[in-house]
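Asks: Any chance you can model this:
(chains A and B)
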There are 2 protein chains.
Amino acid sequence: MKIAVLGGDGFVGWPTSLHLSDQGHDVHIVDNLSRRWIDTELGVQSLTPMDSIQERTRIWHQETGRKIHFHLIDLARDYEVFKQWLVREKPDAIIHFAEQRAAPYSMKTDRHKNYTVNNNVNATHNVLNALVETGLDAHLVHLGTMGVYGYSTIGAAIPEGYLPVGIETLEGDTVNQEILYPANPGSIYHMTKCLDQLLFQFYAKNDGLRVTDLHQGIVWGTHTEQTRKHDQLINRFDYDGDYGTVLNRFLIQAAIDYPLTVHGTGGQTRAFIHIQDSVRCIELALNNPPKAGDKVKIFNQMTETHRVRDLAEMIARKTGAKIAYLPNPRKEAAENDLVVRNEQFLALGLDPITLEEGLLDEVVEVARKYAYRVDRSRVPAVSAWTKDIAKTVEKDPEGTRLKSVG
Amino acid sequence: MKIAVLGGDGFVGWPTSLHLSDQGHDVHIVDNLSRRWIDTELGVQSLTPMDSIQERTRIWHQETGRKIHFHLIDLARDYEVFKQWLVREKPDAIIHFAEQRAAPYSMKTDRHKNYTVNNNVNATHNVLNALVETGLDAHLVHLGTMGVYGYSTIGAAIPEGYLPVGIETLEGDTVNQEILYPANPGSIYHMTKCLDQLLFQFYAKNDGLRVTDLHQGIVWGTHTEQTRKHDQLINRFDYDGDYGTVLNRFLIQAAIDYPLTVHGTGGQTRAFIHIQDSVRCIELALNNPPKAGDKVKIFNQMTETHRVRDLAEMIARKTGAKIAYLPNPRKEAAENDLVVRNEQFLALGLDPITLEEGLLDEVVEVARKYAYRVDRSRVPAVSAWTKDIAKTVEKDPEGTRLKSVG
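Replies: Next up is the predicted model:
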């Protein structure tokens, strides 16, 4: 199968490209390399030393004999270029990772809010628009987020994308309808994924596009079977306050004797999935496309949920790290439960890697191995969700707030 | 009150600006004049001779002594310019009409789809973003559309924005939640208004912005009390296949002995409101703002519903026009019921003008008066919703299809 991986130079895009290439697919990465530009903007870098996309694909060819093609296209800006590319290359499937994907980055300043909305909405709409315009019947697989649901506090299980509701008619009967699960995004970034959902719904209904939307939890882990094949194939590992997810930041904090920084009470429950499972899920989604005329197929792509403070304790137990409780820069419920349905991927054969079993490898093989590259000043989260919250957020957990270390 | 009217040069924006100025408010129109550029692009013009915005505001001043200010700003592109404008002018309220508002135009080509998404989403987001960034606590009133609901075929009344649903918890209890009425847009244009809704919801929740969203039906009528004050204050009247709404097109068809072109069976039920009622509703919304921290206040801004074929028959009865049934260029249900709740505006004192009483004035005072300006070739609707539909749509109802004239 010829597969376009939009955003194939990113954290999930790269191991996905390798995984699919390894299985014999003809993989074409389309990327504007914006993630590397953002590293430059923020003055941060991946913990793991990461080569250029051209060098990475060269090494992959050298190690495996397989070729991954790279095309530098800005999907959000270069609609006509992408359309011509589609006409020329005619992929059978398109995997769409090409969006700005950090909630804290999306909340930094008004400029970052505008960039995230503009980039993400236009990238997604341009792909859909170009598919209709070219008449190409490629299956579109999109990386969404669990964050479109918001974080439920009502104690109900989050179904896979759709919610059955009963609507009372004028005659007093109840008609059952299946609606897109009500959106409740917690950041500008999450909001763009909610907007994406409506774009997909429209294009599936109006033009019969075949779309799968994967509502992913927080991805953890660095290595997949393929990235292990050579040092220079390694995936990126973000630990900074903007792009580092909660677990990565705990891991690196543990590795450099920095307190594990828990925001608020740590009562926020989050969904997680290992990067190896993530690429397997994408493969499963590719192999199970919807038919033309079907509604958007939605999977919850996660394997376990944990409270943030329980995660911190799990890592503290395994590594001896301390925990510091800091004010929360996000506007969100202090405590929430989260029960997520993920029967679809389990039914398709997914056998999850658990945090309990994989976490220590991650500390030893990645966090400690590359700890010498850490810039401690980049570890705190600095993006506040509102101007009021900004006044209360502590910028330096190694400073005065260390009084509260547990 | 100092009021910014974004898109104040447009069909609803202009009479709104006059109405509010007449009441003594300090009105500032912010507009990029894109609607005039689109006239130029399409080679169409308003049936009514329409002066420049500068000339119109000059006449208004001459007739009433009141001043309406005009500022040429492109909201979608010039975020920084608009932000500086807000800091300088500090309006108490902002009325946001600044979006591409024709469904057929939004479906013309891939370029028009992109333009509509880009312009509308960025304009709305830039306004919200700038309000947060400047800390200005202005009430934002947005013109949405009934089209966000889609056209219900299940026979339930459409509530004012929110739907109560019961969600089953893990313990088997049912928790009642009020959710945004599920979006089901019928065109790219309508979809952008659904995206707007999520933007409003987020900014109201995260930043406490005070937002009112008016889900408007199809606006008919040309004159308001203020536009009647001088010939050169007249409102625009669109009759072309892209910007002309179904009723305006029937009126002009009746005036020039062109058959009333009903698409499909004409069984589509639509919601309507007179332009005079529309500007009154906006005034009522302005006078009843939500409080900071409130959810978005949503009104259904419509006063009556009719099936398209019943409308055609009403006009045929009053004018002697014939009716032609043509293939439908839109992808939509052939027949639908539509019951819409609008108790909020009625409770605030709205006393609607009905089609039955006002329609004939419109034919005589506008359609027949300016019939000499009509370009017959612009009357057919030419934008098809999908490539398959495009093959079936008859472009010339005065030609072979006249066999089906009723």
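Asks: gap between the closest residue to residue A:290 other than its chain neighbours and residue B:98?
Replies: Nearest in space to residue A:290, with sequence neighbours left out and distances taken as Cβ to Cβ, 6 or more residues apart in numbering or on different chains, is residue A:297 at 4.4 Å. From N, CA and C alone the C-beta is placed, and that goes for glycine too. Distance of residue A:297 to residue B:98, computed by Cβ to Cβ, to the nearest Å: 36 Å.
Asks: Tell me how far the residue nearest to residue A:290 lies from chain B.
Replies: Per Cβ to the nearest Cβ, to the nearest Å, residue A:297 is found 18 Å from chain B.
Asks: and what of residue A:110?
Replies: Distance from residue A:110 to chain B, by Cβ to the nearest Cβ: 4 Å.
Asks: Is it correct that that residue is in contact with residue B:134?
Replies: No. Judged on Cβ atoms under 8 Å, residue A:110 makes no contact with residue B:134 at a distance of 9.3 Å.
Asks: where does chain A dip in pLDDT?
Replies: Scanning chain A for pLDDT under 70 picks out A:151-154, A:394-406.
Asks: let's see it at 50
Replies: A:399-406 (pLDDT under 50).
Asks: now the helices for it?
Replies: Secondary structure of chain A (DSSP state H): helices at A:13-22, A:34-42, A:53-64, A:79-89, A:103-106, A:110-134, A:188-207, A:246-255, A:275-287, A:308-319, A:343-347, A:355-362, A:387-392.
Asks: re the thing from before, neighbour-wise, which of residue A:297 and residue B:98 wins?
Replies: Counted by other Cβ atoms under 10 Å in any protein chain shown, residue A:297 and residue B:98 do not tie: residue B:98 has more neighbours, with 32 against 22.
Asks: wait, what's in contact with residue A:131?
Replies: Going by Cβ atoms under 8 Å, 6 or more residues apart in numbering or on different chains, residue A:131 touches A:86, A:94, A:138, A:140, A:203, A:207, A:209.
Asks: and chain B, which of those reach it?
Replies: Subset of the contacts of residue A:131 in contact with chain B: residue A:207, counting by Cβ under 8 Å from any Cβ of the partner chain.
Asks: export the contacts of residue A:131 to TSV and tack on distance to residue B:41?
Replies: Shown next, in TSV, are these (distance: Cβ to Cβ, whole Å):
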residue	distance to residue B:41
A:86	26
A:94	32
A:138	32
A:140	31
A:203	25
A:207	24
A:209	28
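Asks: ok, the contacts of residue A:131 vs chain B, which is closest?
Replies: Closest approach between the contacts of residue A:131 and chain B, by Cβ to the nearest Cβ: residue A:207, at 5.8 Å.
Asks: Not counting its neighbours along the chain, what's nearest the closest one?
Replies: According to Cβ to Cβ, 6+ apart, the nearest residue to residue A:207 is residue A:132 (4.7 Å).
Asks: wouldn't the one you found be in contact with residue A:203 here?
Replies: Yes. Residue A:132 sits in contact with residue A:203 when judged by Cβ under 8 Å, with a separation of 6.8 Å.
Asks: any shared contact partners between the two?
Replies: residue A:209.
Asks: These two: who's more crowded?
Replies: residue A:203 (24 against 17).
Asks: The closest residue to residue A:271 other than its chain neighbours: neighbouring residues, count only.
Replies: The shortest distance from residue A:271 to any non-neighbouring residue, by Cβ to Cβ, 6+ apart, is to residue A:217 (3.1 Å). Residue A:217: 23 surrounding residues under other Cβ under 10 Å.
Asks: Quick one: closest of the helices of chain A to residue B:122.
Replies: helix A:110-134 (6.3 Å; Cβ to Cβ).
Asks: What residues sit buried inside the closest one?
Replies: Residues of helix A:110-134 classed as buried: A:110, A:112-134 (neighbour count, 16 or more other Cβ atoms under 10 Å in any protein chain shown).
Asks: How about stretch A:159-167?
Replies: Applying 16+ other Cβ under 10 Å to stretch A:159-167 flags A:159, A:160, A:161, A:163, A:165, A:167 as buried.
Asks: just those that are near chain B?
Replies: A:163, A:165, A:167.
Asks: Can you tell me how far the last one is from residue A:92?
Replies: The reference is to residue A:167. 39 Å.
Asks: do residue A:63 as well
Replies: Residue A:63 sits 25 Å away from residue A:92, going by Cβ to Cβ.
Asks: So for those two, which residue has more residues nearby?
Replies: residue A:92 (16 against 13).
Asks: Could you find the closest non-adjacent residue to the more buried one?
Replies: In space, residue A:92 is closest to residue A:1, 4.7 Å off (Cβ to Cβ, 6+ apart).
Asks: didn't the one you found look like it was pressed against residue A:93?
Replies: Yes. Judged on Cβ under 8 Å, residue A:1 makes contact with residue A:93 at a distance of 6.1 Å.
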